[in-house]
Structures are given as C-alpha cells and as structure tokens.
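**Q** Here is my input; please provide its structure:
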Amino acid sequence: MSIILKNATFINWETLDFSTGNFRITQGPDGIIEPLKPNIPLIPNPDERIIDCSGKLVTRSFVVGHHHAYSALARGMPATVRSPANFREILQYIWWNLDKNLDKEMIEACGYATAMACAKAGATFIIDHHASPNCIANSLQVLERAFEKVGISHLLCYEITDRDGREKAMQGLAETERHLQQSQGLVGLHASFTISDHTLKGAVALAQKYNSGLHVHLAEDLYDQQHSKEYYHKSVVQRFYDAGLLSFPKTILVHALHIDQSDRTLIKNNKVWVAENMESNLNNKVGLFNAEGLEHSRILLGTDGMHSDLLQSAKAAFFAGQLSDKLGYAAIYQRFRNAHRYLNENEFSGDGQNNLVILNYDSPTPINSNNFLGHFLYGIRAEHIQHVISQGRCIVYDRTLQQVDEDELLSFTRQQARRLWDRL
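**A** Numbers count the residues shown, from 1 in each chain. As a prediction, this is how the structure comes out:
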C-alpha cells in the first residue's frame with residue numbers, strides 16, 4: 001500500500017528547500033517520494049492511504065548514530081550500594097552490574113522500549129551497541145525482532161570484551177558472526193582497556209570476513225588512554241590503527257574525547273566515523289566533545305542509551321558545544337543528518353527516502369528555508385511529531401504506534417524492569 005500525503009509542505013533534508021503539494025510514498029527499502037501533479041483531484045484506490053498534511057511540515061526521519069538499548073530498563077532503578085567515585089566505578093557498579101543481569105525476556109523488553117521511544121521521537125533507524133554477558137547467544141536476534149515488530153530498521157552489534165574472561169569474549173565473537181551471517185551489522189567492541197590483543201585481532205578478522213566495520217568506544221574517559229599507554233606503549237587510536245580497525249569505512253568510534261592531534265589526524269586520514277554523545281559525556285563528567293582536526297562530515301550524533309530523542313541530543317550538542325566546539329547552526333544540523341550519509345555510503349538498507357516525519361509545528365513566527373535551522377534548534381521538538389513513516393509504512397499515526405499495542409508492550413517492559421531491579 002502506498003501513502004499519499006495531501007497538502008503537505010515538504011522540506012528537503014539536504015537543501016532545506018520547501019515545496020508544497022501532494023506526494024506519493026511507496027513501500028519497501030527502495031521506496032520513493034513522488035510529487036503528484038498539481039490540480040489533479042485525489043481519487044483514492046484500495047492500495048493507497050491518504051494522510052491530510054494541511055498545515056504540517058514533512059521531512060526525512062532520523063537515525064540514532066549510537067544507542068544502548070540494553071539500558072532501557074534502567075530509568076528509576078535502585079541506587080547502587082556504593083556511590084561511584086569515577087567513570088570506571090560508574091561502569092562497574094551500574095552498567096556492568098545491569099548488563100550481567102539481563103536475560104532473554106529483559107532484552108526483548110529493552111528492544112521494545114527503545115524502538116517505541118525512537119519511533120515516537122521520529123527515529124526510524126537505530127545503530128545499536130548491545131551487551132548482556134550472561135545471555136549472549138541469539139541476543140541480537142531478540143533485539144532485531146523487537147525493533148522490526150515496531151517498524152524500526154537497525155544496524156546492530158554485540159559488545160565484545162575480555163572484562164568477563166576469555167570464554168565470554170569468544171561467545172561475543174560467535175554471536176557477532178552468527179548475526180553477520182544473517183543480517184547487516186557491525187562488530188562491536190567495548191573499549192581498549194577491556195580488550196586483549198587476541199580479542200581485538202579476532203574482531204578485526206570478523207570485520208574483514210564479512211565486509212563490515214567496528215563499533216567501539218574510544219577514549220571516553222582519560223583512563224582508556226592511560227591504560228593503553230601503560231600496557232601497549234601507544235595511544236588507543238594508534239593501537240586500533242596498528243590492529244587494522246581504522247581501515248574499514250564502516251567503523252564507528254564512539255566518544256573520542258581524550259585524543260591528541262596525532263590521534264585526530266589518524267582518524268581523519270582513515271575515513272572512519274565518530275559518534276558524539278554530549279549528554280552522556282556531561283552525565284558521566286568525562287569531558288566535552290571537540291571536533292578540531294576531525295572530518296566534520298563524518299561525525300554522527302548518538303543518544304548513548306540516555307534516551308531516544310535525537311532532536312534533544314542535537315540541542316544538547318549544540319549548546320554544550322559552544323564551550324568546546326565552536327558549533328554553528330549548519331554544523332550541528334550536518335551532524336544530525338550525517339548518519340544518513342554513513343548508511344548510504346556503506347550501502348546499508350532501511351534508511352531510504354521513504355522514511356519521514358510529519359510535524360504539527362504551529363510556529364508563532366514564519367518558517368522557511370532561510371530560517372529553518374533556527375526553528376530546528378529553538379523550536380522543533382519531539383512533541384511536534386504527529387506521524388512517522390518507516391520504509392513507506394505508517395508506524396506512528398496521531399502519536400499512536402500502529403504496528404504494536406503500546407499499552408500491552410509497556411506492561412511487559414514494566415514487568416521485566418521489576419524483575420531486573422530485584423536482581424540488582
């Protein structure tokens with residue numbers, strides 16, 4: 001079934017040009033947006049659905065460049081027995097305790113909670129980094145099914161690490177290979193300070209075998225660099241470069257806070273991508289992102305599991321970036337949209353032109369192509385998203401999910417959250 005957007009004001013996501021009229025949206029990974037001829041009466045047929053977009057803005061939906069769906073049940077969880085004193089203790093007492101307690105049902109609940117939140121916030125594609133050390137086998141399949149049931153496309157990976165021993169690292173490699181045999185995906189790694197040379201070599205070999213790339217945390221905290229220089233006598237970036245990790249154009253380096261100029265030059269010259277996660281960095285007090293010396297067209301925005309609202313993350317990156325990054329309006333919008341280019345350049349499917357958001361944004365001031373970026377930063381919010389189209393299917397209509405029963409799934413996620421909290 002195709003969808004006709006009637007009386008729509010369409011905003012080209014790249015040029016920001018405004019056009020008005022009726023548009024036909026076709027389904028599937030290769031679906032298109034087709035402007036209909038003006039002044040031709042709309043006569044619906046059984047294979048077409050008309051959505052009245054009078055007074056609404058239509059533009060391309062969003063891509064979350066780095067997410068952690070596994071953290072979706074953390075909101076409101078009990079406090080840790082001991083208050084973390086630094087970033088390593090935040091990982092140890094909070095996130096590594098949480099991910100060890102996840103089972104299949106909890107992972108499924110995390111997938112549903114994340115996909116539903118993303119859909120209602122306008123994101124139709126998630127690049128996710130998963131961890132569940134005591135439930136590794138088929139964990140990505142569980143997430144995949146949950147995302148697709150809601151109508152969300154994805155690029156998944158499992159967080160391979162030696163922090164729980166060699167056997168768990170091998171299980172992570174095995175789960176990664178199983179997933180890459182069946183689906184598009186990346187090879188996930190935690191961070192240099194929890195990855196042995198043996199595991200790093202195995203991960204790079206998997207990326208080569210399946211023509212993939214790595215999705216890895218990089219210098220999120222200063223300790224990551226200190227550990228690499230103490231144990232490997234080189235920076236994290238140099239270590240990854242020497243291992244071949246930077247040779248893949250699909251590789252995503254997450255955070256990249258504590259890097260020097262030589263690191264930045266290596267990253268830029270190797271055409272890998274960097275995912276900025278400003279809110280998480282602020283929350284963990286690890287530093288502010290600075291794009292100096294990096295290729296601005298290869299910086300993505302992520303939410304890092306804090307939430308699923310990429311519009312909110314863009315605003316946070318812009319405002320906090322005024323202290324560290326000298327960001328302008330056009331630069332933050334470019335970062336907001338770079339994930340489309342990442343997916344397109346690397347020929348990943350699921351993020352075609354028929355992924356759209358329809359905004360009920362009744363601005364008190366005029367909006368046009370010349371001032372759109374001002375509205376993007378200071379006006380448009382997730383609450384303005386009324387309908388969402390994913391691969392030509394309407395997955396959110398009047399802010400209500402269409403492919404699933406939201407109340408039923410929320411009941412399930414709350415049940416699983418209580419189970420998880422009882423274990424913590």
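**Q** can you give me the end-to-end distance of stretch 319-334?
**A** 15 Å (C-alpha to C-alpha, to the nearest Å).
**Q** Can you mark which positions in that stretch are buried?
**A** The neighbour-count check on stretch 319-334 (16 or more other C-beta atoms under 10 Å) flags 320-321, 325, 327, 331-334 as buried. Where C-beta positions appear, they are placed from N, C-alpha and C, glycine not excepted.
**Q** Mind putting these into a markdown table with secondary structure and pLDDT?
**A** Formatted as a markdown table, those follow (DSSP: H, G, I helix; E, B strand; the rest coil; pLDDT from 0 to 100):
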| residue | secondary structure | pLDDT |
| --- | --- | --- |
| 320 | helix | 95 |
| 321 | helix | 94 |
| 325 | coil | 92 |
| 327 | coil | 92 |
| 331 | helix | 97 |
| 332 | helix | 98 |
| 333 | helix | 98 |
| 334 | helix | 98 |
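**Q** With distance to residue 271 as extra columns, can I get those in a markdown table?
**A** A markdown table is the format used below for the buried residues of stretch 319-334 (distance: C-beta to C-beta, whole Å):
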| residue | distance to residue 271 |
| --- | --- |
| 320 | 27 |
| 321 | 23 |
| 325 | 21 |
| 327 | 22 |
| 331 | 19 |
| 332 | 22 |
| 333 | 22 |
| 334 | 17 |
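**Q** For residue 236, state which of these is nearest.
**A** residue 325 (20.8 Å; C-beta to C-beta).
**Q** Just list the residues touching the closest one, thanks.
**A** Applying C-beta atoms under 8 Å, 6 or more residues apart in numbering to residue 325 gives the contacts 288-292.
**Q** what's the answer for residue 97, then?
**A** 80, 424.
**Q** What distance do you get for it to residue 77?
**A** 10 Å (C-beta to C-beta, to the nearest Å).
**Q** Could you pick out the buried ones from the contacts of residue 325?
**A** 289-291.
**Q** What is the burial count for the nearest residue to residue 94 once chain neighbours are set aside?
**A** The spatial neighbour of residue 94 that comes closest, neighbours along the chain excluded (C-beta to C-beta, 6 or more residues apart in numbering), is residue 80 at 6.0 Å. Residues lying near residue 80 (other C-beta atoms under 10 Å) number 15.
**Q** Report the contact partners of residue 80.
**A** 93-94, 97.
**Q** I'd like the residues you listed written out as CSV, with distance to residue 299, pLDDT and secondary structure added.
**A** Formatted as CSV, those follow (distance: C-beta to C-beta, whole Å; pLDDT from 0 to 100; DSSP: H, G, I helix; E, B strand; the rest coil):
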residue, distance to residue 299, pLDDT, secondary structure
93, 31, 92, helix
94, 27, 94, helix
97, 31, 95, helix
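**Q** now the helices: where do they sit in the stretch 301-424 of the chain?
**A** 310-324, 329-345, 372-378, 406-423 (DSSP state H, counting those that start in this stretch).
**Q** Can you check which of those helices gets nearest to residue 239?
**A** Among the helices of the stretch 301-424 of the chain, helix 329-345 sits nearest to residue 239 (C-beta to C-beta), with 23.5 Å.
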